[in-house]
Each structure stands twice: as C-alpha cells, then as structure tokens.
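In: How does the following fold in three dimensions:
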Amino acid sequence: MGSNNSSFEFKPGSLKVNLKRFDYDINALVAGVVDYQGHKAVAWMKTNAKWKDRTGNARQTLSGHAEHSDTWHLIKLYGGVPYQIWLEVRWAGKFAIIGPAVKYQGLALMNRLRGIVNKLGSV
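Out: Predicted coordinates:
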C-alpha cells in the first residue's frame, strides 16, 4: 500500500490578495445585476405607465441609469418632460409610475441578488 502524503502551505499574503480579488468580483457581479435591473425598470415604466400620452413624449422620455462605486450601487429613474412631476403627484399619485417602479423593481433587484448570494453559499 502506498502512503498518502499531503501538505498545505499557508501564505497570508496570498489570502489577502485573493480576498481583495473576491471583493472586486462580487462588486462587479452586483454592478452587472444593478445595470440589468435598471434596464428592466425603464422598460417596465414605459409598459406600465397608466396615463394616456397624446404626444408620446412622456412615455418616450422615461429613463434611468445605474451608478456604481466601490461601496454602493444606485439606479436612478426619471422622466424627461417638464410636467413629469404632475404625472407622479396629481390625483394623489393615481398615475405615478416612477415611485411604483422604484418599489417594484427594487424588490425584484433584491430578490435577484438574494438568489445569487444563496447560490454562492451552496458552492
């Protein structure tokens, strides 16, 4: 019978480098998910806006973009017509789309991230 020899060498410097790389990879993963959800949020707003848009300008200018740093990720949603605020607040928000998109798409984003984290935990 042959012997089963194994060895292990611990290099603290390697661990530190790998942890930094892991942080970078996770941050990049979250940034990608946030970018994706930002695009989904804009499409959702354009599809689900309840108001009639005679000129098409209000629906067409619904937009958003993601911003990122090393410590945070953000999705900004907005409308591009001067009267957008009135579509959001008039009639007690009955025709609002940006506020509901933040709530709905924010929940979808968190669920997506939770699913990714759960998959990472099972690896």
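In: got any ranges where the chain has weak pLDDT?
Out: Along the chain, segments meeting pLDDT under 70 span 1-22, 123.
In: That one: helices as residue ranges?
Out: Secondary structure of the chain, counting by DSSP state H: helices at 12-48, 57-60, 84-93, 98-121.
In: Residue 68 is nearest to which of the ones you listed?
Out: For residue 68, the closest of the helices of the chain is helix 12-48, at 4.7 Å, according to Cβ to Cβ. Placement of C-beta: from N, CA and C, glycine included.
In: for the closest one, the distance to its chain's centre please.
Out: Counting by Cα atoms, centre = their mean, to the nearest Å, helix 12-48 is centred 8 Å from the centre of its parent chain.
In: Repeat that for stretch 99-118.
Out: In terms of Cα atoms, centre = their mean, the centre of stretch 99-118 is found 7 Å from the chain centre.
In: Give me the contacts around it.
Out: For stretch 99-118, the surrounding residues in contact (Cβ atoms under 8 Å, 6 or more residues apart in numbering) are 29-30, 33-34, 37, 40-41, 44-45, 48, 75, 77, 88, 93.
In: Thank you, goodbye.
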